[in-house]
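Colleague: Prediction below, plus the sequence it came from.
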Amino acid sequence: MIKNILNLGDAALYCDFGQDVNKKINSNVIKYYKKIQKLNIKSINNITPSYNKLIISFDLNQINFSELKDIIENIHIDNEESSSTKKIEIPVCCDEPYSLDLSELEKKLNLEKEKILDKFFKNEYFCYMTGFIAGMPFLGDINEDLRAKRLETPRVKVPKGSIGITEQFTNIYTFESPGGWNIIGNTPLNVFDSSKEVEPNLINPGDTVTFKRISKDDYLNYE
């Protein structure tokens, strides 16, 4: 499954699973990620999965690149590594003032608002990775009719809970932050809880996500 294992600086390596971005390759990344977590190798400091790579940081005082590479190459992967994934439903309000870019998306995609939302909410999404800001899930793959480029001028502040789309992905902003994704709504759900030391992310790599449209009243009264 791993195409190559290479050095990344003095104290990290990355496992290359290929150049494509798709669910099959990413599922393999996640299987290795979960298996290495389970092995609890003390010399490993951090494991970071992405679309098609797995970055592993290690303590040079305990292990070197060649030794760790040998361990990774001899790991046995089976289906149990993907068995702990979850299916999660996320409530989303697409009314004003939460749908910041819906009107512009009508022009970009040449689709009416309701058709955009219908296609978006009918789909099921796979979490490829989390990152950029803490707990932010990168969810694919959106309907081909909804694949739009990023904003030409990114926003300085995107509100927490915003649901964005760009190219083949949708995401959820877990904090207020800069960003250039096309915002179509907002969720009242707290997707990242920094008070939790264990499992602060609601959505993790390998999980499946669906979105449920809610009204503005439901949003404002959500508990």
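Modeller: Sure, I can see it. Fair warning: this is a prediction, and the values are worked out from it, not measured in the lab.
Colleague: From residue 14, how far out is the residue of the chain positioned farthest from its centre?
Modeller: Distance from the C-alpha centroid of the chain peaks at residue 61, with 32.4 Å (CA atoms, centre = their mean). Per CB to CB, to the nearest Å, residue 61 is found 21 Å from residue 14. For every residue, glycine as well, the C-beta is placed using N, CA and C.
Colleague: and if you look at residue 184?
Modeller: From residue 184 over to residue 14 (counting by CB to CB), the distance is 33 Å.
Colleague: Those two: which is more packed in?
Modeller: Between residue 184 and residue 14, counted using other CB atoms under 10 Å, the more crowded position is residue 184 (24 against 18).
Colleague: so that one sits in a helix?
Modeller: No - Residue 184 is assigned strand when assessed by DSSP: H, G, I helix; E, B strand; the rest coil, not a helix.
Colleague: list the buried ones in stretch 62-78?
Modeller: By neighbour count on 16 or more other CB atoms under 10 Å, the buried set for stretch 62-78 is 63, 65, 68-69, 72.
Colleague: Please state the offset of that stretch from the chain centre?
Modeller: 26 Å (CA atoms, centre = their mean, to the nearest Å).
Colleague: Stretch 199-208 too?
Modeller: 8 Å.
Colleague: The top helix by length along the chain: what's the following helix or strand?
Modeller: Selection of the longest helix in the chain by residue count, based on DSSP state H, yields helix 23-39. On the C-terminal side of helix 23-39, the nearest following helix or strand under DSSP states H and E is strand 44-49.
Colleague: So which residues of the protein form strands?
Modeller: Ranges of strands within the chain are 4-7, 12-16, 44-49, 53-58, 87-93, 125-130, 137-140, 155-158, 162-166, 169-172, 177-179, 182-186, 208-214, based on DSSP state E.
Colleague: Sheet-wise, list the partners of the last one with their directions.
Modeller: The partner list of strand 208-214 in its sheet, established with DSSP bridges, is strand 87-93 (parallel), strand 125-130 (antiparallel).
Colleague: so which of those strands comes closest to residue 223?
Modeller: strand 87-93 (11.2 Å; CB to CB).
Colleague: ok, the closest residue to residue 181 other than its chain neighbours - contacts?
Modeller: What sits nearest to residue 181 in space, not counting adjacent residues and going by CB to CB, 6 or more residues apart in numbering, is residue 164, at 2.8 Å. With contact taken as CB atoms under 8 Å, 6 or more residues apart in numbering, residue 164 is in contact with 158, 170-173, 179, 181-184.
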